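> okay, sequence plus prediction incoming.
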Amino acid sequence: MGSVVESTNKEVNGSVAVKNPTVVFVLGGPGSGKGTQCTNIVQHFGYTHLSAGDLLRAEIKSGSENGTMIQNMIKEGKIVPSEVTIKLLQRAMLESGNDKFLIDGFPRNEENRAAFEEVTKIEPAFVLFFDCPEEEMERRLLSRNQGREDDNIETIRKRFKVFLESSLPVIEHYTAREKVRKIDAGRPVEEVFESVKAVFTPKDEKAD
Ligand SMILES: Nc1ncnc2c1ncn2[C@@H]1O[C@H](COP(=O)(O)OP(=O)(O)OP(=O)(O)O)[C@@H](O)[C@H]1O
Ligand SMILES: Nc1ccn([C@H]2C[C@H](O)[C@@H](COP(=O)(O)O)O2)c(=O)n1
Ligand SMILES: [Mg+2]
């Protein structure tokens with residue numbers, strides 16, 4: 001007999017995948033607070049948090065054959081080819097045993113978005129967009145102190161450029177489909193989370 005996880009999985013494009021997952025894409029500029037707010041959402045709403053950036057950094061550490069390529073791209077603030085990132089996301093979704101996911105920092109460009117749709121056939125429930133002024137994001141990144149190789153001013157500027165040129169069009173794509181829930185992320189963490197909670201709380205559970 002298969003495990004619970006196996007019995008709730010299905011085959012998509014020749015691979016095993018989670019059956020009918022709920023996926024929320026969490027987008028916003030570098031340092032807008034995606035990871036911070038995802039931690040809060042996990043605690044309150046039972047989602048599994050998958051950060052594409054964290055998965056790519058773990059892949060570098062694991063010594064995989066793609067490690068050097070990923071490391072060079074992250075240093076340059078560039079977006080890693082979708083094929084690599086989607087495989088990491090699919091594996092993490094299966095390993096989680098959950099069926100509700102916050103996918104943080106993905107899709108980062110049109111190639112990410114189209115490839116994920118084609119490969120997984122998953123349509124996000126909605127897109128949480130943390131909208132934050134660039135000067136505030138820069139301040140946060142320069143004082144993050146987590147030893148990230150890309151938290152230096154040269155790479156930060158490149159990441160901002162990629163966000164404006166490649167990631168904003170993805171947000172516009174989902175805005176046109178009425179999928180975007182925009183949050184003012186320039187406020188203190190607790191205030192931002194109040195707005196986030198309102199998005200995740202079903203309408204009939206909200207106080208009048
Ligand atoms: N609302 C906030 N006010 C002040 N500081 C914040 C806020 N949210 C997050 N931070 C801090 O800013 C830094 C960046 O936050 P976080 O790592 O959550 O951003 P991110 O959007 O995931 O960034 P990246 O895209 O680079 O991974 C962290 O040091 C975090 O503690
Ligand atoms: N879909 C993605 C997400 C991230 N990356 C790379 C490039 C980013 O600058 C870096 C860090 O991501 P973050 O932790 O800031 O979300 O990881 C990518 O190539 N593709
Ligand atoms: Mg992050």
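That came through fine. Numbers count the residues shown, from 1 in each chain. Ligands and ions are numbered 1, 2, ... in the order given.

> okay, which residue is most central for the protein?
residue 104 (1.4 Å; C-alpha atoms, centre = their mean).

> ok, it touching residue 49?
Yes - between residue 104 and residue 49 a contact is recorded at 6.3 Å, counting by C-beta atoms under 8 Å. Where C-beta positions appear, they are placed from N, C-alpha and C, glycine not excepted.

> any common contacting residues for these two?
Shared contacts of residue 104 and residue 49, defined by C-beta atoms under 8 Å, 6 or more residues apart in numbering, are found at 35, 38.

> which residues of this protein fall in helices?
4-7, 34-45, 52-61, 67-75, 82-96, 110-120, 134-142, 153-162, 168-176, 189-200 (DSSP state H).

> in a markdown table, list those along with mean pLDDT, distance to residue 15 and mean neighbour count.
Listed next are the helices of the chain as a markdown table, based on pLDDT from 0 to 100; distance: least, C-beta to C-beta, whole Å; neighbours: other C-beta atoms under 10 Å:
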| stretch | mean pLDDT | distance to residue 15 | mean neighbour count |
| --- | --- | --- | --- |
| helix 4-7 | 56 | 14 | 11 |
| helix 34-45 | 98 | 25 | 17 |
| helix 52-61 | 98 | 17 | 18 |
| helix 67-75 | 97 | 21 | 16 |
| helix 82-96 | 97 | 7 | 18 |
| helix 110-120 | 98 | 8 | 17 |
| helix 134-142 | 98 | 35 | 16 |
| helix 153-162 | 98 | 29 | 15 |
| helix 168-176 | 98 | 24 | 16 |
| helix 189-200 | 98 | 29 | 15 |
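
> can you name the residue of the chain nearest ligand 3?
Nearest residue of the chain to ligand 3: residue 35, at 3.5 Å (C-beta to the ion).

> pretty sure that residue sits against residue 104.
Yes - at 6.3 Å, residue 35 counts as touching residue 104 under the criterion of C-beta under 8 Å.

> name the residues contacting each of those two.
Jointly contacting residue 35 and residue 104 under the rule C-beta under 8 Å, 6+ apart are 49, 51, 54.

> just to revisit the earlier point, return the residues in contact with the residue nearest to the centre of the chain.
26, 34, 35, 38, 49, 50, 51, 52, 53, 54.

> looking at those residues, which is nearest residue 61?
Checking the contacts of residue 104 against residue 61 by C-beta to C-beta gives residue 54 as the nearest, at 10.5 Å.
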